[in-house]
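Peer 1: Give the three-dimensional model of this entry:
(2 chains)
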2 protein chains.
Amino acid sequence: MPEGRPAHVPDDGLTTRQRRVRPLVIVHTGAGKGKSTAAFGLALRAWNQGWPIGVFQFVKSAKWRVGEERALRTLGASGEGGPVTWHKMGEGWSWIQRDPGSQAAQAAEGWAQIARDLAAQTYRLYVLDEFTYPVKWGWVDVDEVVSVLAARPGSQHVVITGRDAHPKLVARADLVTEMTKVKHPMDSGQKGQKGIEW
Amino acid sequence: MPEGRPAHVPDDGLTTRQRRVRPLVIVHTGAGKGKSTAAFGLALRAWNQGWPIGVFQFVKSAKWRVGEERALRTLGASGEGGPVTWHKMGEGWSWIQRDPGSQAAQAAEGWAQIARDLAAQTYRLYVLDEFTYPVKWGWVDVDEVVSVLAARPGSQHVVITGRDAHPKLVARADLVTEMTKVKHPMDSGQKGQKGIEW
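Peer 2: You can find the predicted model right below:
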């Protein structure tokens, strides 16, 4: 795909350089495949820029994303690009030592940490994997998410993945892509397989 | 996203194990972002499985995908997962020593090498990045692509990215996802920026 050119140059008083470093909220949603893989593919670009990357996995099973986690951890430890920090809800967030409690409580703990990290500018790219679900289920308040994202300082990009992104999240996001299923092998009885689904 | 269950179990005489190793042709198409990043995200899973990965970049500029290339090369060289081989059309394919000739001739050379590699089972995952364009433009014959893919031996997965995937390619593919643009910052004058577009 050719590098895009803006449809028009806005009369906002910003220089091209300023516009080039505008921090983005990116949402990958829809029923198709590729929402999370595209987020981790984006993380490769961030890693190459030397940016600190924080991954927050809002998934029940600690077994999901094993390939992505091992790859990103290997890259982060290589000393070549940016460092990578990986947080998993599935086995209890690492910063919570007590009993994690309900899924809803865990999700809220995860979001609280993200809000702290955004305030402290801990990372330059945040991958909030499957974060649309706790928002959809009301475990995390969407208005708070939107206001924390809007108020985040510095140049921090945030990528949120998952189906059924909340309309307020979509409204606030800068870049929204819907992954649409055209054809999926599970429709014809194919089971998930290694190297593809995990 | 929960791991999918098949909509029905087909009466094809295959065991679950056989169905688990069915090699896939995957297409990421559409006007939205995430087609290539999702392919490289998938490559992380393949790398974690120890699979040899072959990337064929059908792009004009050798500068594109620098982040993905550096990350995948670093992973491939780490000795932890599968090896990675990266081929770029933009600077002339590495196996072609003479003048590369026209874009069309280069694309045809790229496809010829892929066909040889598929016959030899050189890789387990092939990423044919931006390959829809040479097919669309007739530089590579779509019927030949479809028949070579259909006849490929062993367990080789092929991911093809790019807009406007040829209908015959879509018909032959096992998994097709369309990345649909819901909202893009370039619509409001944002320029491409490092760590996001490259």
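Peer 1: Quick one: residues in contact with the longest helix seen in chain A.
Peer 2: Criterion DSSP state H: the longest helix present in chain A is helix A:103-120. With contact meaning C-beta atoms under 8 Å, 6 or more residues apart in numbering or on different chains, helix A:103-120 is reached by A:54, A:56, A:58, A:60, A:87, A:89, A:92-93, A:95-96, A:100, A:122-123, A:126, A:128, A:134, A:137, A:139-140, A:144-145, A:148-149, A:152-153, A:156, A:158. C-beta coordinates here come from the backbone N, C-alpha and C atoms, glycine included.
Peer 1: mind redoing it with 7 Å?
Peer 2: Outside helix A:103-120, the residues that touch it by C-beta atoms under 7 Å, 6 or more residues apart in numbering or on different chains are A:54, A:56, A:58, A:89, A:93, A:95-96, A:100, A:123, A:126, A:128, A:134, A:139-140, A:145, A:148, A:152, A:156.
Peer 1: which ones among those residues are found in helices?
Peer 2: Using DSSP H, the subset of those located in helices is A:134, A:145, A:148.
Peer 1: what are the phi and psi angles of A:Glu80?
Peer 2: With angles defined as degrees, to the nearest 10, A:Glu80 sits at phi -90, psi -40.
Peer 1: Once you drop chain neighbours, what's closest to it?
Peer 2: Of all residues not flanking A:Glu80 in the chain, B:Thr74 sits nearest, at 5.5 Å (C-beta to C-beta, 6 or more residues apart in numbering or on different chains).
Peer 1: Could you count how many residues lie near the one you found?
Peer 2: The tally of other residues near B:Thr74 (other C-beta atoms under 10 Å in any protein chain shown) stands at 20.
Peer 1: On the three-state scheme, A:Asp143 is what?
Peer 2: Of the three states, A:Asp143 takes helix under DSSP: H, G, I helix; E, B strand; the rest coil.
Peer 1: So what's the predicted local confidence for the residue nearest to it when sequence neighbours are not counted?
Peer 2: Leaving out its chain neighbours, the residue that sits closest to A:Asp143 by C-beta to C-beta, 6+ apart is A:Lys168, at 7.0 Å. As predicted, A:Lys168 sits at a pLDDT of 97.
Peer 1: so which strand or helix has A:Lys168?
Peer 2: Using DSSP states H and E, the element containing A:Lys168 is helix A:167-172.
Peer 1: near chain B at all, the next helix or strand after that helix?
Peer 2: As assigned by DSSP H and E, the chain's next helix or strand after helix A:167-172 is strand A:175-183. Yes: interface with chain B: strand A:175-183 contributes A:175-183 (C-beta under 7 Å from any C-beta of the partner chain).
Peer 1: and the least confident of these?
Peer 2: Among the residues of strand A:175-183 next to chain B, A:Lys183 carries the weakest pLDDT, at 85.
Peer 1: residues contacting the residue nearest the centre of chain A?
Peer 2: Closest residue to the average C-alpha location of chain A: A:Val127 at 2.6 Å, with C-alpha atoms, centre = their mean. Shown in contact with A:Val127 (C-beta under 7 Å, 6+ apart): A:39-40, A:43, A:55-56, A:159.
Peer 1: Distance check, the closest residue to it other than its chain neighbours against chain B.
Peer 2: Sequence neighbours aside, A:Val55 is the residue nearest to A:Val127 in space, at 4.5 Å (criterion: C-beta to C-beta, 6+ apart). According to C-beta to the nearest C-beta, to the nearest Å, A:Val55 and chain B sit 12 Å apart.
Peer 1: Return the set of residues that bridge with A:Val55.
Peer 2: The residues listed as beta-bridge partners of A:Val55 by DSSP bridges are A:Trp86, A:Val127.
Peer 1: residues touching it, list them.
Peer 2: By C-beta under 7 Å, 6+ apart, the contact list for A:Val55 reads A:72, A:86-87, A:127, A:129.
Peer 1: just A:Arg45 next, same as before
Peer 2: The contact partners of A:Arg45, by C-beta under 7 Å, 6+ apart, come to B:67-68, B:195-196, B:198.
Peer 1: which of those has the most neighbours?
Peer 2: Neighbour counts for these (other C-beta under 10 Å) peak at B:Glu68, which has 27 neighbours.
Peer 1: Tell me how far that one lies from A:Asp141.
Peer 2: From B:Glu68 over to A:Asp141 the distance is 36 Å, taken as C-beta to C-beta, to the nearest Å.
Peer 1: and what of A:Gly110?
Peer 2: Going from A:Gly110 to A:Asp141 by C-beta to C-beta gives 13 Å.
Peer 1: Tell me which of these two has more neighbours.
Peer 2: Per other C-beta under 10 Å, whichever of A:Gly110 and A:Asp141 has more neighbours is A:Gly110, with 24 against 13.
Peer 1: so where's chain A shaky on pLDDT?
Peer 2: The model of chain A has pLDDT under 70 over residues A:1-20, A:62, A:100.
Peer 1: and if we set it to 90?
Peer 2: For chain A, residues meeting the criterion pLDDT under 90 lie at A:1-22, A:59-65, A:89-103, A:183-198.
Peer 1: which other helices and strands contact the helix holding A:Lys168?
Peer 2: The contact analysis (3 or more C-beta pairs under 7 Å, 6 or more residues apart in numbering or on different chains; DSSP states H and E) places helix A:167-172 against strand A:25-29, helix A:142-151.
Peer 1: If you count neighbours, what's buried in that helix?
Peer 2: A:169-170, A:172 (16 or more other C-beta atoms under 10 Å in any protein chain shown).
Peer 1: before we move on, what about stretch A:141-161?
Peer 2: Here stretch A:141-161 shows A:142, A:145-146, A:148-149, A:152, A:156-161 as buried, counting by 16+ other C-beta under 10 Å.
Peer 1: cool, and stretch A:80-89?
Peer 2: Neighbour-count burial for stretch A:80-89 flags A:81-89 (criterion: 16+ other C-beta under 10 Å).
Peer 1: So what does the residue nearest to A:Glu80 look like in phi/psi?
Peer 2: Dihedral angles of B:Thr74 (phi, psi; degrees, to the nearest 10) stand at phi -60, psi -40.
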